[in-house]
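Visitor: Pasting a predicted model and its sequence here:
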Amino acid sequence: MKSLLFHLHNFSNVFFTFGDWGSGSKIQHDVANIMNKLSDELSPQFVMALGDNFYELGVFSVEDKQWKENYRDVYNASGMQVPFYAVLGNHDYYGFHPYSQIEYYKESIDNRWFMEDYYYSQRIEMGNGTILELVILDTVTLCSNMFVEDVKIDLNQSFADLHMEQKISYMKRGGKQLLWLQSTLASSTADWLIVTGHYPVFSGGGHGDSSELVKNIEPLLSKYKVDMYLCGHDHTLQHLKYNDVNYFVSGSAGKTGSFNTSPHALYGTGKSGFMIHSLSNGGQKMNVFFVDSKGNIIYETSLKQQPRFSSFVLEKSKFKGCINNWMNYYVIFLKKVF
């Protein structure tokens with residue numbers, strides 16, 4: 001603990017990320033205990049919950065007992081009474097009631113839980129004035145083929161067949177989401193542009209890369225110079241990098257898996273834990289710490305913002321350049337005349 005606090009001495013503006021957490025297992029409780037303890041010391045501004053929020057079939061209603069047993073009673077420290085920006089995972093879909101998690105937010109049952117739709121974006125002003133934009137994806141509907149295979153493996157063919165009947169609606173939502181994603185990334189003026197989802201784009205864990213995301217999402221992340229992509233699904237802690245985009249897999253807050261390898265990996269482990277993100281005082285730099293279930297820092301890295309202009313700023317810049325050129329020509333004309 002002292003080591004982490006020492007590292008954070010000159011930093012402020014903290015948030016936590018964790019995924020694959022709602023298992024009710026000893027692993028969940030061990031990681032939650034460390035999160036609770038550190039939250040009281042570090043005062044995170046928010047928590048990013050990266051999907052598989054409730055095992056094995058998600059919740060079935062806003063009154064489901066898992067809300068209390070695996071969420072409210074577990075993350076109960078005063079430092080954890082902050083917004084939980086939540087993503088839907090494959091297990092949240094398995095029981096056919098993913099909308100219950102959106103409904104839970106809309107009915108204001110808990111003032112921490114935030115999930116206004118299947119996918120959404122949220123601009124957050126940190127304590128030092130730095131603006132983060134969280135672009136939260138529903139990767140299940142972006143990876144419908146992969147999802148149906150997951151159902152078959154994790155559950156059985158009968159469940160897979162039932163989800164196949166929903167596949168067309170999933171694909172329609174995924175198509176609309178892709179258009180929304182491109183528009184949202186293109187128009188962002190945030191200091192840090194962060195995309196989150198449940199399925200990984202790249203991973204050295206047991207599930208590996210998500211081919212549908214590599215094909216459809218990665219080009220957008222690179223084109224619009226996204227600072228990082230946060231996800232879960234593989235029950236590991238990983239840092240990967242591709243085309244200057246940092247990818248973090250934080251999927252071991254309730255279950256553990258194994259890390260194999262990836263050509264894009266900078267670090268990976270199958271240990272349980274979560275991540276702490278801390279902005280520098282000026283906001284141009286972010287340190288990311290991987291913390292295990294005993295509170296040890298097992299990996300840390302430092303990131304800088306990507307150079308990025310929104311299309312609006314770019315067009316404004318071009319317009320300003322045209323005006324400046326016109327003024328220069330006018331001055332030259334006046335000099336010649338007079």
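Guide: Perfect, I can see it now.
Visitor: Show me the shaky parts of this protein.
Guide: Applying pLDDT under 70 to the chain flags residues 1-12, 309-338.
Visitor: redo that, cut-off 50
Guide: Counting by pLDDT under 50, the chain shows low-confidence ranges at 1-2, 9-10, 310-338.
Visitor: Quick check: closest non-adjacent residue to the spatially most central residue of it.
Guide: In the chain, the residue lying closest to the centroid (Cα atoms, centre = their mean) is residue 196, at 2.7 Å. Among residues not flanking residue 196 along the chain, residue 230 sits closest, at 4.4 Å (Cβ to Cβ, 6 or more residues apart in numbering). C-beta coordinates here come from the backbone N, C-alpha and C atoms, glycine included.
Visitor: Give me the spatial nearest neighbour of residue 118, chain neighbours excluded.
Guide: Excluding the flanking residues, the one nearest residue 118 by Cβ to Cβ, 6+ apart is residue 138, at 4.2 Å.
Visitor: can you pull the contacts of the one you found?
Guide: Taking Cβ atoms under 8 Å, 6 or more residues apart in numbering as the contact definition, residue 138 lies against 87, 88, 118, 119, 173, 174, 177, 197.
Visitor: redo that, cut-off 7 Å
Guide: By Cβ atoms under 7 Å, 6 or more residues apart in numbering, the contact set of residue 138 is 88, 118, 119, 173, 177.
Visitor: List buried residues within those residues.
Guide: 88, 118, 119, 173, 177 (16 or more other Cβ atoms under 10 Å).
Visitor: Now secondary structure and distance to residue 36 too, for those residues, in JSON lines please.
Guide: As requested, the buried ones among the contacts of residue 138 are exported to JSON lines (DSSP: H, G, I helix; E, B strand; the rest coil; distance: Cβ to Cβ, whole Å):
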{"residue": "88", "secondary structure": "coil", "distance to residue 36": "24"}
{"residue": "118", "secondary structure": "coil", "distance to residue 36": "29"}
{"residue": "119", "secondary structure": "coil", "distance to residue 36": "29"}
{"residue": "173", "secondary structure": "helix", "distance to residue 36": "35"}
{"residue": "177", "secondary structure": "helix", "distance to residue 36": "34"}
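Visitor: can I assume residue 219 sits in a helix?
Guide: Yes: with DSSP: H, G, I helix; E, B strand; the rest coil as the criterion, residue 219 is part of a helix.
Visitor: any chance you could map the strands in the protein?
Guide: Ranges of strands within the chain are 11-18, 46-49, 84-86, 113-114, 120-125, 131-136, 192-196, 228-231, 237-242, 245-250, 265-269, 273-280, 285-292, 297-304, based on DSSP state E.
Visitor: For those, could you give me TSV that also reports distance to residue 154?
Guide: TSV is the format used below for these (distance: least, Cβ to Cβ, whole Å):
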stretch	distance to residue 154
strand 11-18	21
strand 46-49	20
strand 84-86	20
strand 113-114	25
strand 120-125	26
strand 131-136	23
strand 192-196	22
strand 228-231	18
strand 237-242	21
strand 245-250	18
strand 265-269	22
strand 273-280	23
strand 285-292	26
strand 297-304	28
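Visitor: Specify the stretch among the ones you listed that is closest to residue 259.
Guide: Residue 259 lies closest, by Cβ to Cβ, to one member of the strands of the chain: strand 265-269, at 3.6 Å.
Visitor: between the closest one and strand 285-292, how many degrees?
Guide: Interaxial angle, strand 265-269 versus strand 285-292 (axes from the mean of the first three to the mean of the last three Cα atoms, to 10 degrees): 30 degrees.
Visitor: Just to check, the residue nearest to the centre of the chain is in contact with residue 87?
Guide: Yes: using Cβ atoms under 7 Å, residue 196 makes contact with residue 87 at a distance of 5.7 Å.
Visitor: shared neighbours of the two, which are they?
Guide: Here residue 196 and residue 87 have 50, 136 as joint contacts, going by Cβ under 7 Å, 6+ apart.
Visitor: List the contacts of residue 301.
Guide: Residue 301 sits next to 239, 288 when contact means Cβ under 7 Å, 6+ apart.
Visitor: Bridged to it, which residues?
Guide: residue 288 (DSSP bridges).
Visitor: re earlier: any idea which of the strands of the chain gets closest to residue 203?
Guide: Residue 203 lies closest to strand 245-250 among these, at 5.6 Å (Cβ to Cβ).
Visitor: Tell me which strands the closest one pairs with, and in which orientation.
Guide: With DSSP bridges as the test, strand 245-250 pairs up with strand 228-231 (parallel), strand 237-242 (antiparallel).
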